[in-house]
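A.B. asks: sequence and predicted structure below; questions after.
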Amino acid sequence: MQAVHSLSPSQLSEFLLNVATARPVFIWGPPGIGKSALVEAFARSVGLPCVSLLGSQLAPEDLMGVPQIVEGVSRFCPPAMIARREPYCLFLDELNACSQDVQKAFYSLIHDRRVGEYLLPEGSIVVGAGNRAQDSAIVKPMSSALMNRMVHVHLKVSASEWMVWAASHGIHPMVLEYVQQRPDHLWSAPPKHEEPFSTPRAWHMLSDALHAFGAEPPVAMVEALAHGCLTPQHAAQFKAFGKLAADRHRLEAIFKGDARWPHAPEDRDVLYFLAQAFRARLLKMLPADKSGSSGDLQALVHRSKGMLKDLAQISLEMAQVVVAEDGGQTLPAWYMIEVVRDLPRLVERQAKVD
């Protein structure tokens, strides 16, 4: 299913507060971005207990119940988890991972809030969630009848909102500082083959594991943990970030002229991390349009070009990392024109590589 419009976690919370109380909602999104936690928080916010059913582990009888003879007549008795007397939020997680038979069993539950003769208590809410086909997760085609019984919405990752959440939930300082410098590493698309990949859930796992090692986890353990939780490229850069434990603010110091780019061969991974962080800083701070630029912007442009020149003298490849297109993101055109004018060697080499 292709996303037409995606909402951040805070926007989705508002969406649920206004829509889920009136109609069942289905949340689409890749693994590990917080769909389940968001639904549980929503249920708490409206004062309802949250009952979760995992679609990938359900059989039709888990919903319909088993028949019993009552006064000579057979009746289906739904399970106690569903058949409650007080209103609640029914969360159907991984709904599109269940079989077609289970999907059919959900029809009346989602549309009519009924299972056999049992009706969900007045005020109950039904919310579903699932991954998309492109996420390399276990999903099955959702029937058109089931699709048409819910309001569909897509959830996207928001690094700024995750940072606010992380700061108040005990996330390891090393993880906080890294994601603050590289917000683009909070999430990466699921790989096509078996390997860890970065998600808010993966960073949370890494944080918990780092906490388990105490105040100063050994470098070898940091590397092992990072490669066990994150996208390989992100893990390599997190390892380099860990080596900067004694000087976490080196990039800021380089900007101010109080430090230089590391140039020792053994610090190549650190240099690569700093080059990537430098690029991320420029993408964030440089406006798309230079018109009406302030003195602060002019100072930033002048200093950044000096830093690029110094970096190119150490490693032309690393300097090219800063200015090259990556993931569809490019530095502003006006800035690149100035780089072409003032640092032609850097751009000429990049042009030959392209």
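C.D. replies: All right, it came through fine.
A.B. asks: how about the contacts made by the spatially closest residue to residue 30 that is not a sequence neighbour?
C.D. replies: What sits nearest to residue 30 in space, not counting adjacent residues and going by C-beta to C-beta, 6 or more residues apart in numbering, is residue 135, at 4.6 Å. Placement of C-beta: from N, CA and C, glycine included. If you count contacts by C-beta atoms under 8 Å, 6 or more residues apart in numbering, residue 135 has them with 30-31, 189-190.
A.B. asks: are any of the residues you listed buried, and which?
C.D. replies: 30-31, 190 (16 or more other C-beta atoms under 10 Å).
A.B. asks: just put the contacts of residue 135 in a markdown table and tack on pLDDT, distance to residue 198 and secondary structure.
C.D. replies: What follows is the contacts of residue 135, written out as a markdown table (pLDDT from 0 to 100; distance: C-beta to C-beta, whole Å; DSSP: H, G, I helix; E, B strand; the rest coil):
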| residue | pLDDT | distance to residue 198 | secondary structure |
| --- | --- | --- | --- |
| 30 | 93 | 11 | coil |
| 31 | 94 | 11 | coil |
| 189 | 91 | 10 | coil |
| 190 | 91 | 10 | coil |
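A.B. asks: what's the most distant pair in these?
C.D. replies: The two members of these with the most space between them (C-beta to C-beta) are 31 and 189, at 10.7 Å.
A.B. asks: okay, now the closest residue to residue 186 other than its chain neighbours: neighbour count?
C.D. replies: Spatial nearest neighbour of residue 186, excluding adjacent residues (C-beta to C-beta, 6+ apart): residue 159 at 4.7 Å. Using other C-beta atoms under 10 Å, residue 159 is surrounded by 18 other residues.
A.B. asks: before we move on, what about residue 195?
C.D. replies: 12.
A.B. asks: contacts only, for it.
C.D. replies: 231-232.
A.B. asks: what is the burial count for residue 128?
C.D. replies: 27.
A.B. asks: tell me the strands beside the helix or strand harbouring it, with direction?
C.D. replies: Assessed by DSSP states H and E, residue 128 sits inside strand 125-130. Sheet pairing for strand 125-130, assigned by DSSP bridges, gives strand 25-28 (parallel), strand 89-93 (parallel).
A.B. asks: if I look at residue 117, what pLDDT would I see?
C.D. replies: At residue 117, the model reports a pLDDT of 75.
A.B. asks: surely it and residue 75 touch.
C.D. replies: Yes. Between residue 117 and residue 75 there is a contact at 6.7 Å, judged by C-beta atoms under 8 Å.
A.B. asks: point out where the stretch 201-350 of the chain drops to low pLDDT.
C.D. replies: 245-248, 292, 345-350 (pLDDT under 70).
A.B. asks: check contacts around residue 251.
C.D. replies: Taking C-beta under 8 Å, 6+ apart, we find residue 251 in contact with 181, 274, 277-278, 281.
A.B. asks: quick one: secondary structure of it?
C.D. replies: Put simply, residue 251 is helix when judged by DSSP: H, G, I helix; E, B strand; the rest coil.
A.B. asks: how far away is it from residue 219?
C.D. replies: 20 Å (C-beta to C-beta, to the nearest Å).
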